[in-house]
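*Asks:* I need the structure of the sequence given here:
(4 chains)
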There are 4 protein chains.
Amino acid sequence: MMDDPALALRYEHVFDIRINFDRRWRTGAIHAGGPDHGYTSVGQGSTVSGPRLNGRLVDYSGADWPVIRTDGVIELNAHYMIEADDGSLIYIRNLGYVHGPLERPGKPTVDRYFRCTPYFRAPDGPHEWLNRTVIVGVGQRRPRQGPDGEADHSLFRYYAVL
Amino acid sequence: MMDDPALALRYEHVFDIRINFDRRWRTGAIHAGGPDHGYTSVGQGSTVSGPRLNGRLVDYSGADWPVIRTDGVIELNAHYMIEADDGSLIYIRNLGYVHGPLERPGKPTVDRYFRCTPYFRAPDGPHEWLNRTVIVGVGQRRPRQGPDGEADHSLFRYYAVL
Amino acid sequence: MMDDPALALRYEHVFDIRINFDRRWRTGAIHAGGPDHGYTSVGQGSTVSGPRLNGRLVDYSGADWPVIRTDGVIELNAHYMIEADDGSLIYIRNLGYVHGPLERPGKPTVDRYFRCTPYFRAPDGPHEWLNRTVIVGVGQRRPRQGPDGEADHSLFRYYAVL
Amino acid sequence: MMDDPALALRYEHVFDIRINFDRRWRTGAIHAGGPDHGYTSVGQGSTVSGPRLNGRLVDYSGADWPVIRTDGVIELNAHYMIEADDGSLIYIRNLGYVHGPLERPGKPTVDRYFRCTPYFRAPDGPHEWLNRTVIVGVGQRRPRQGPDGEADHSLFRYYAVL
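*Replies:* Predicted structure coming up:
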C-alpha cells in the first residue's frame, strides 16, 4: 500500500505572496498565565506572483489575529483580500503554525517553522480552482538586512496539493 | 420547569458600536448558482460607547467577509480591533445573520433582521469579562438620510447574557 | 437612541434540549502550563421539546470538544445531530462559555455560568428558520440528585433572538 | 528566489488513518437551490498506523459534517477522537475538499480529488508535535470490491510539512 500512487503527495508551486505588514502588535495575555494575542495588519505594496495567480493584496484589507501560546507556538488566523490582475477579488483566510528560533537582525531566518494552509473564496471564472484546491504554504520572515536592504516583509510560497 | 429562574434569559446592555464602513464590495458567485461573497471594511471614526466599554475601532483594522446565500440571507464573518479608552486592544470576531426587507433611501430600516453573536479577546484587566461572556448584538444599517444627514453607518447594540 | 425599539433585544423561547452525555473525558494540557481539552459525547435518550421544535438527538451523533482554559473558563465547541419529529436531520454546532462555582453533589447548580450561541443547518421546509436565526442558550448541568434521582444530564433552554 | 531551499516544500509520511464509516446521510438542501449537508459518522474498528503515530479511532467518537456545494464540491468538516497506543486521547478536526469522478462499484477511485488539512490537539508528551505541525492528507474512498472484499472504508495518508 505504501507505494500506491493514488496516496502519494503530489504538488506544484502555484504562486508567492509577499506581504508588507503595517502594524505588529501584541495585545497581552487574556488571563494571568494565558495565551497572548497578536494583530499584524496588511500594509501597502504587497504582491502576488507566480504561474497560477498574479496580482496584489488590497492595501489595508485585513490582518492576522494570531494566538501566541505560552509554549511559544503561534497559531495563525489571517483574513485579507487579493486583487488579481484581471480585477477579481479573492478572500484568503489562513491557518498555520509558526515557532522555532527567533529572528536575528542581519541574518536569514531559514530555520524558523512557518507553515500554513490557506483557504480561498474566488469568483467563478479563471480563479475558481482556488475554491476546491487544498493549498499549503511555506513562509519566511524577512527583516530588513542592513540600512539599505529591502523593507521588512514576509514571503509565502504556496503549493497546490494535486 | 418553564418557570425555573436558572433557565431564564437575563441580559443587560453593555455597549454600542457605531461602524463607518469604508469599502462595500460584492466579489461574485464562487460558482454558477452558488453563494456570493462580500467585503465590507472598517473605515475611520467608528466608536464604542456604553456602560461597560468605551473607545473606538482601530481605523482600517479589519472587515466583514460575509457569505451572501442565494436565498438572500447574509452570514456575517467579521474580524476587527477595538481600542478601549485605557489603550487596551481587543479583538472582535462576529457571526450572525442579516436578511429581510432591503434598505430604502430616506427611510429607517427598522424591519431588517440583523442579529449577531460576537466573541472577544481582551487583555487581562478591566475588560477580561469579554473573554468569558456570551454577548448578543442587534444591528441596524443607517444609510444617509438626506443630503445633510449623518454619514452612512451601521449601529450595533450589544447585550451581555447574564 | 437608548429607547429606539429597533435596537431592543426581543426574544422568545423556542425549544429545550436535554442531553444525556456518555463519555466525559479530559485529555490533558497540550503543553506544560497550557489549556486542557475535553471530550463529552452525546449518549442515548436525549430529547428536544418546545414550541418551535420537537424531536431527539441522534444517539452517539457527536460531542463537545471544549477547551478548558487555565483560568477555569470552558470554551464550548460542540457538534451533533438532531432528528426532528418529522424525520428532518439538523446539524447543530455550539459555541459558548461555562465557568463559575463547581457542581456540588446533591445541590442544584443555579449559579454556574453556562451560556451558548448555537448555529444550525436544517433542510428546507418547516425548520429552515433555524438557518437564519440567531439563537441563545442558557444551560444547566444536572448531576443525579440522590440514588433514585434522574440520571446525570444537561439542560439547554434556547431562545430565538427576534 | 525560486531555488531558495528555505521555501521548498519538504514533507514526510507520518501515519495513515483507515476509517470505517457508520452512517452516511445527506440531510437536504438548506434552501431551494442551496447547498446540501451531509453526516458521515465514525464507526467501529478504525485504525491509525505509521512511523509517527499508532492507535485507533475511538468508536463512534465523532463525524464529518460536510457541506455539499451545488457545483458538486464537498467541503469537509470532520471532528473525532484518536486513542494512541499509549492511551493518549487526541482530537482531530479536518478541513478539505472532495470532488471529481464518482465512485464506481468494483473499480478503484484513484482519480477523485480528496485532500485535507487536519489540525490536532494532543496532550503534552510524545504526541505534542501534532499541536504545532501542519499536516496534509491524501484520501481515498474504498468501496467494497466484490462480495468477499474488505468492508467499505476510507483511507487517509498523512504527511507532515517539515
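
*Asks:* C-alpha from now on. contacts and neighbour counts both.
*Replies:* Fine.

*Asks:* Can you list the buried residues in stretch A:60-71?
*Replies:* Neighbour counts over stretch A:60-71 (16 or more other C-alpha atoms under 10 Å in any protein chain shown) mark A:60-70 as buried.

*Asks:* what about it and chain C, any contact?
*Replies:* Yes. For stretch A:60-71 and chain C, the contact criterion (C-alpha under 8 Å from any C-alpha of the partner chain) is met by A:69-71.

*Asks:* what's the closest of those to residue B:15?
*Replies:* Using C-alpha to C-alpha, residue A:69 is the member of those that lies nearest residue B:15, at 29.5 Å.

*Asks:* correct me, but the closest one touches residue A:36?
*Replies:* Yes. Residue A:69 lies in contact with residue A:36 (C-alpha atoms under 8 Å); the separation is 6.5 Å.

*Asks:* Not counting residues beside it along the chain, what's closest to residue A:137?
*Replies:* Nearest non-adjacent residue to residue A:137, counting by C-alpha to C-alpha, 6 or more residues apart in numbering or on different chains: residue A:158, 4.4 Å away.

*Asks:* Okay, and that neighbour sits in which element?
*Replies:* With elements taken from DSSP states H and E, the one containing residue A:158 is strand A:153-161.

*Asks:* tell me what that strand is packed against?
*Replies:* When contacts are defined as 3 or more C-alpha pairs under 8 Å, 6 or more residues apart in numbering or on different chains; DSSP states H and E, strand A:153-161 packs onto strand A:11-19, strand A:135-142.

*Asks:* how about those strands in TSV, adding mean pLDDT and mean neighbour count?
*Replies:* Below are the helices and strands packed on strand A:153-161 laid out as TSV (pLDDT from 0 to 100; neighbours: other C-alpha atoms under 10 Å in any protein chain shown):
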stretch	mean pLDDT	mean neighbour count
strand A:11-19	97	19
strand A:135-142	94	24
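
*Asks:* Near chain D, which residues of chain A are found?
*Replies:* Proximity of chain A to chain D, by C-alpha under 8 Å from any C-alpha, involves residues A:6-9, A:73, A:96-99, A:110-111, A:113, A:115-117, A:132-134, A:138-140, A:156-157, A:159, A:161-162.

*Asks:* show me the contacts for the closest residue to residue A:89 other than its chain neighbours.
*Replies:* Among residues not flanking residue A:89 along the chain, residue A:83 sits closest, at 4.7 Å (C-alpha to C-alpha, 6+ apart). Contacts for residue A:83 (C-alpha atoms under 8 Å, 6 or more residues apart in numbering or on different chains) come out as A:55-58, A:89-90.

*Asks:* For chain A, which segments count as strands?
*Replies:* For chain A, strands defined by DSSP state E occupy the ranges A:11-19, A:21-26, A:36-42, A:47-49, A:55-57, A:63-64, A:67-68, A:74-84, A:89-99, A:113-121, A:135-142, A:153-161.

*Asks:* Other residues contacting the third one?
*Replies:* Identification of contacts with strand A:36-42 by C-alpha under 8 Å, 6+ apart yields A:19-30, A:59-70, A:80, B:61, B:121, B:123.

*Asks:* ok, residue A:88 - how many residues close by?
*Replies:* Applying other C-alpha atoms under 10 Å in any protein chain shown, we find 17 other residues in the vicinity of residue A:88.

*Asks:* That one and residue A:121 touch, don't they?
*Replies:* No. Applying C-alpha under 8 Å as the test, residue A:88 and residue A:121 come out as separate, 10.6 Å apart.

*Asks:* Residue numbers of chain A in contact with chain C?
*Replies:* When proximity is defined as C-alpha under 8 Å from any C-alpha, chain A approaches chain C at A:31-34, A:69-71.

*Asks:* Tell me the one among the residues you listed nearest to residue A:51.
*Replies:* For the residues of chain A next to chain C, the minimum distance to residue A:51 (C-alpha to C-alpha) is 35.7 Å, reached by residue A:69.

*Asks:* Now for that closest one: which residues touch it?
*Replies:* Residue A:69 sits next to A:34-36, A:75, C:34 when contact means C-alpha under 8 Å, 6+ apart.

*Asks:* quick one on the thing from earlier: how close does the residue nearest to residue A:137 get to residue A:114?
*Replies:* Separation of residue A:158 from residue A:114 (C-alpha to C-alpha, to the nearest Å) stands at 12 Å.

*Asks:* what's the answer for residue A:156, then?
*Replies:* 9 Å.

*Asks:* re the thing from before, next, format the contacts of residue A:69 as JSON lines and append neighbour count and pLDDT.
*Replies:* Output for the contacts of residue A:69, formatted as JSON lines (neighbours: other C-alpha atoms under 10 Å in any protein chain shown; pLDDT from 0 to 100):
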{"residue": "A:34", "neighbour count": "20", "pLDDT": "97"}
{"residue": "A:35", "neighbour count": "22", "pLDDT": "98"}
{"residue": "A:36", "neighbour count": "23", "pLDDT": "97"}
{"residue": "A:75", "neighbour count": "23", "pLDDT": "98"}
{"residue": "C:34", "neighbour count": "20", "pLDDT": "97"}
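
*Asks:* low-scoring stretches of chain A, by residue?
*Replies:* Residue ranges of chain A with pLDDT under 70: A:1-2, A:102-110.

*Asks:* residues in it within reach of chain B, list them.
*Replies:* Going by C-alpha under 8 Å from any C-alpha, the residues of chain A near chain B are A:27-32, A:36-37, A:41, A:60-63, A:65, A:88-91, A:121-125, A:128, A:131.

*Asks:* same thing but 6 Å
*Replies:* Residues of chain A that fall close to chain B, judged by C-alpha under 6 Å from any C-alpha of the partner chain: A:27-31, A:62, A:89, A:122-124.

*Asks:* Give me the subset of the residues you listed lying in helices.
*Replies:* With DSSP state H as the criterion, helices contain none of the residues of chain A next to chain B.

*Asks:* farthest pair in those residues?
*Replies:* Longest span within the residues of chain A next to chain B, C-alpha to C-alpha: A:31 and A:124, 44.0 Å.

*Asks:* quick one: which of those two has more around it?
*Replies:* Just comparing residue A:31 and residue A:124: by other C-alpha under 10 Å the higher neighbour count belongs to residue A:124, 20 against 17.
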